[in-house]
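[1] fold the following.
(chains A and B)
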Amino acid sequence: MIREFSSADVLFILMAIRWTLILSLIAFAGGAVGGMALALARTSQARALRWISIAFIQVFQGTPLLMQLFLVYFGLAVLGLPIDPLLAAAVALTLHASAFLGEIWRGAIQAVPQGQSEAATALALSYGDRMRHVVLPQAMRTATAPTVGFLVQLIKGTSLASIIGFTELTRAGQIVNNATFQPFLVFGTVAVFYFILCWPLSLLARRMEARMRLAVTR
Amino acid sequence: MYRFNFQPVFDNLDMLAHGAWLTVQLSSLAMAIGLVVSVLGAVAKTSGIKPLRWIVDAYVEVIRNTPFLIQIFFIFFGLPALGISMSHNTAALVALVVNVGAYGTEIIRAGIESIPQGQIEAGRALALSPVQIFRHVVLKPALRNIYPSLTSQFIYLMLTSSVVSVISATDLAAAGADLNARTFASFEIYLVLTVLYFLLALGFSTLFATLRRVFFDYPAGR
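    Residues are numbered from 1 along each chain as shown, chains lettered A, B, ... in the order given. Presented below is the predicted three-dimensional model:
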C-alpha cells in the first residue's frame, strides 16, 4: 500500500533525530575518553605505548567506517554476545571517534612549546600535574575548533548505523520512503534535518578557527 | 565458542581482488572528475561575481553538512522523480563526484588564496597572459601547497566509496556483501575486507608520498 507523505511522517522522521543525537553523544563521550588516552599514549616517553597508539589511529583512519561497523556488529556474535544494532553502532563509532580525536589532540599537545613542559618539570611538577595544569589547558585552545569540526563528521557518520539496522534519522527516512515511495521529498527532508544539525557546528568551528588564527598572528 | 572459517574467503579471493580493482577505478574516476568540478568551483568562488559565489557556497555547505549516505539515496532514488534516472554504478560515480567536488572546491580555493598577490603582480609585470599567470604562477605553487590535503581527500574518498554498495553499485564492499549472502562467514569476510581497504589506503599513501618527492621537492620560496 502506498500512502501520501504526510505531516505524521515528518514527525516520525523528526523524532528519530533523538537517536542520531544520542548515538553521536555516546560516541563523542566515549571517543573523548579514548581519544585522550590515545593522545597521551602517543606523546608519552614509553615507546610501546606510542606504537600501540599509532597503530590504533592508523587502522581506524585507514579503513572505512562502514567496515568498522560491520566488523563490530558481527564481532559481537564472535564474542558470544547478542547482536544489538545500538550496541554495535555505539562501540564502532566510539572506537572511530577515539582514533580521530586522539590524532587531533596529539597535534594540539605537540603544538604546545616544549619549553612549557621543561619549565614544569624544572618546577618538580609530576607528569599528572604538568599535563593537567600546564600542557592540556594550552593544548585545549588549539584543539577546540577541529574537535567541533570532527563532531560534524561524527553526526554524519551515525547515518551509517542505519545500514546495520539501527533506527536513527536516516533509517527513519528509509522506512517512510518504503511506505510512501516519495524518495525526493523524504530524503530531501532528512537532508534538511542533518543540515540543521550540522551547519551551526560547522559555522562555530570556522569562527573558532578564524579567532585562533587572529590570536596566533597577533 | 565461535569457530572461525576463512575457507569461503580464501576460495573467493579473486572475486575480492576484482572488487578492490573496481573500488580503485571508481574512486580514481570520481577524483579526476571531482577535481575538474573543484577547480571550476574554486574559480567561481574567487571570481568576484556574487551570484556565482552564492551558488557555489550553497553547494559546498549543503554537501559538507549532510551525510554521503543521504546524498547517494537522494541521487539514486530521489532524482528519478525529476526524470533523471541513472544506473547503480553511474549514480555511485555521480554521488562521489558531487561529494568530493565540494571538499575539493574548498581545498583548491585555499590553495589559490595561498598565493601572495605580489606573485601574481610579478607575473603581470613580466607580461604573462592571464592564462599563463594562472597556470604557472598560481596553479603549480598552489598545487604544491594543497597536495597533502588533496591526497588525503582521495584516500578518504576511497574509504567513503564503500558506501556505494548500499545502492548495489559494484565495488569491493559489494563483492564482500555478495560473498556474505552466499556463505554467511560474515565476520571473516568483513575482517578481510577491512584489511584490503587498509592495504589500498596504505598503498596509495605510499604512492602519493613518492610522487610528492618527485614533483614538488624543490625548495620553498618562503
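[2] shaky segments in the chain?
    Just going to use chain A. By pLDDT under 70, the weakly predicted segments of chain A are A:1, A:216-218.
[3] let me rephrase: I mean chain B.
    B:219-222.
[4] A:Met212 contacts A:Thr142, correct?
    Yes. Look at A:Met212 against A:Thr142 with C-beta atoms under 8 Å: they come within range, at 6.8 Å. C-beta: built from backbone N, CA, C; applies to glycine.
[5] neighbour count for those two, which is higher?
    A:Thr142 (20 against 15; other C-beta atoms under 10 Å in any protein chain shown).
[6] just the element for the more buried one, please.
    helix A:136-157 (DSSP states H and E).
[7] helices and strands around that helix, which ones?
    helix A:7-42, helix A:85-111, helix A:183-217 (3 or more C-beta pairs under 8 Å, 6 or more residues apart in numbering or on different chains; DSSP states H and E).
[8] what's the closest non-adjacent residue to B:Ala95?
    Nearest non-adjacent residue to B:Ala95, counting by C-beta to C-beta, 6 or more residues apart in numbering or on different chains: B:Ile72, 4.1 Å away.
[9] and for A:Ile2?
    A:Phe181 (5.1 Å).
[10] can you check A:Leu185 too?
    A:Phe5 (5.2 Å).
[11] distance of the one you found relative to B:Leu79?
    17 Å (C-beta to C-beta, to the nearest Å).
[12] what residues does chain B have near chain A?
    Chain B comes close to chain A at residues B:1-2, B:61-62, B:64-71, B:73-74, B:77-82, B:155, B:159-160, B:162-163, B:166, B:173, B:186-187, B:190-191, B:193-194, B:197-198, B:201-202, B:205, as judged by C-beta under 8 Å from any C-beta of the partner chain.
[13] which of the residues you listed fall within helices?
    Secondary structure defined by DSSP state H assigns B:61-62, B:64, B:68-71, B:73, B:155, B:159-160, B:173, B:186-187, B:190-191, B:193-194, B:197-198, B:201-202, B:205 of the residues of chain B next to chain A to helices.
[14] one step back: I'd assumed A:Arg3 was in contact with the residue nearest to A:Ile2.
    No. A:Phe181 lies out of contact with A:Arg3 (C-beta under 8 Å); the separation is 9.1 Å.
[15] run through who's touching stretch B:38-55.
    Stretch B:38-55 has contacts (C-beta atoms under 8 Å, 6 or more residues apart in numbering or on different chains) with B:56-57, B:59-60, B:100-105, B:107-109, B:111-113.
[16] which parts of chain B are helices?
    Going by DSSP H, chain B shows helices at B:7-11, B:13-46, B:50-64, B:68-73, B:88-113, B:117-125, B:130-132, B:140-160, B:172-183, B:186-216.
[17] between those, which one is nearest to A:Ala37?
    A:Ala37 lies closest to helix B:186-216 among these, at 22.1 Å (C-beta to C-beta).
[18] list the buried residues of the closest one.
    Across helix B:186-216, burial judged by 16 or more other C-beta atoms under 10 Å in any protein chain shown covers B:186-194, B:196-198, B:200-201, B:204-205, B:208.
[19] now do stretch A:182-195
    So for stretch A:182-195, counting by 16+ other C-beta under 10 Å, buried means A:Gln182, A:Pro183, A:Phe184, A:Leu185, A:Val186, A:Phe187, A:Thr189, A:Val190, A:Ala191, A:Phe193, A:Tyr194, A:Phe195.
[20] ok, stretch B:69-86 next?
    B:Leu69, B:Ile70, B:Gln71, B:Ile72, B:Phe73, B:Phe74, B:Ile75, B:Phe76, B:Phe77, B:Gly78, B:Leu79, B:Met86.
[21] what residues are up against residue 188?
    All of this refers to chain A. Counting by C-beta under 8 Å, 6+ apart, A:Gly188 has contacts B:Phe74, B:Gly78.
[22] if you could check chain B rather than the one you did, that'd help
    Applying C-beta under 8 Å, 6+ apart, the residues near B:Glu188 are B:Phe4, B:Asn5, B:Phe6, B:Pro8, B:Val9.
[23] skipping its backbone neighbours, what lies nearest A:Ala27 in space?
    A:Leu93 (3.6 Å).
[24] shouldn't the one you found be in contact with A:Ala29?
    No. Applying C-beta under 8 Å, one finds A:Leu93 not in contact with A:Ala29, separated by 10.8 Å.
[25] one step back: just the CA trace of the helix holding A:Thr142, in CSV.
    Provided in CSV are the C-alpha atoms of helix A:136-157 (Å, rounded to 0.1, in the frame of the first residue of the first chain):
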residue,chain,number,x,y,z
LEU,A,136,46.5,20.4,28.4
PRO,A,137,44.9,23.8,29.1
GLN,A,138,47.1,25.4,26.4
ALA,A,139,46.5,22.5,24.0
MET,A,140,42.8,22.9,24.5
ARG,A,141,42.9,26.3,22.8
THR,A,142,44.2,24.8,19.6
ALA,A,143,42.1,21.7,19.8
THR,A,144,38.6,23.1,20.2
ALA,A,145,38.0,24.2,16.6
PRO,A,146,39.0,20.9,15.0
THR,A,147,37.2,19.0,17.7
VAL,A,148,33.9,20.8,16.9
GLY,A,149,34.7,20.2,13.2
PHE,A,150,35.0,16.4,13.9
LEU,A,151,31.7,16.5,15.7
VAL,A,152,30.0,17.3,12.4
GLN,A,153,31.8,14.4,10.8
LEU,A,154,30.6,12.1,13.6
ILE,A,155,27.0,13.2,13.3
LYS,A,156,27.1,12.4,9.6
GLY,A,157,28.9,9.2,10.4
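[26] what does that helix contact?
    So helix A:136-157 is contacted by A:20, A:24, A:27-28, A:31, A:65, A:93, A:96-97, A:100-101, A:104-105, A:107-109, A:111-112, A:116, A:194, A:197-198, A:201-202, A:204-206, A:208-209, A:212, A:215, B:64-68 (C-beta under 8 Å, 6+ apart).
[27] run the last query once more with 6 Å
    Residues from elsewhere that reach helix A:136-157 (C-beta atoms under 6 Å, 6 or more residues apart in numbering or on different chains): A:24, A:27, A:65, A:97, A:100, A:104-105, A:108-109, A:111-112, A:197-198, A:201-202, A:204-205, A:208-209, A:212, B:67.
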